[in-house]
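In: task: produce atomic coordinates for the following.
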Amino acid sequence: MHNFDRGMIKWQPFNSVISSKQMVNEVLNKKNKIKMPLLSDEQRKIIEDKIIIAYYENESVILSYYYQGNILHLNEKIKKIDFTYRKIYFNNKTIIFDQIISVN
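Out: Below you'll find the predicted structure:
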């Protein structure tokens, strides 16, 4: 019997498994994305009031916000509020007011 080394050829089927795993993960991530929840004017006003109070009292806020199909959470103190562009600045993040879903 001859020992014939196929080199890299023997590993080629595994390359297709790896690429299909990445595609499956991408499909699952897209499937898990949600639409942005709609808030009433009253809900937006309550959120805005809580943010302003937390800013002036220098307290941390727990925000839930929408970003690219996901609901993310942030627990930090507000560094700055830009009322013109409706942005809220934290240490390492900037959130547009319209992305915010809830404040605790």
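In: show me where this structure has strands.
Out: 60-67, 70-77, 80-82, 87-89, 94-96, 100-103 (DSSP state E).
In: CA atoms only for the second one, dumped as CSV, please.
Out: Output for strand 70-77, consisting of C-alpha atoms alone and laid out as CSV, is shown next (Å, rounded to 0.1, in the frame of the first residue of the first chain):
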residue,chain,number,x,y,z
ASN,A,70,-31.5,45.3,18.3
ILE,A,71,-32.4,46.7,21.7
LEU,A,72,-29.3,47.6,23.6
HIS,A,73,-28.9,48.9,27.2
LEU,A,74,-26.6,51.5,28.7
ASN,A,75,-26.0,52.4,32.3
GLU,A,76,-23.9,55.7,32.5
LYS,A,77,-23.9,59.3,33.5
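In: could I get the strands of the chain as JSON lines with distance to Lys50?
Out: All C-beta atoms are positioned from the backbone trio N, CA, C, and that covers glycine. As requested, the strands of the chain are exported to JSON lines (distance: least, C-beta to C-beta, whole Å):
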{"stretch": "strand 60-67", "distance to Lys50": "7"}
{"stretch": "strand 70-77", "distance to Lys50": "14"}
{"stretch": "strand 80-82", "distance to Lys50": "12"}
{"stretch": "strand 87-89", "distance to Lys50": "12"}
{"stretch": "strand 94-96", "distance to Lys50": "14"}
{"stretch": "strand 100-103", "distance to Lys50": "4"}
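In: out of the ones you listed, nearest to Val27?
Out: Taking C-beta to C-beta, strand 70-77 is the member of those nearest to Val27, at 15.7 Å.
In: for the closest one, buried residues please.
Out: Buried residues in strand 70-77, counted by 16 or more other C-beta atoms under 10 Å: Leu74.
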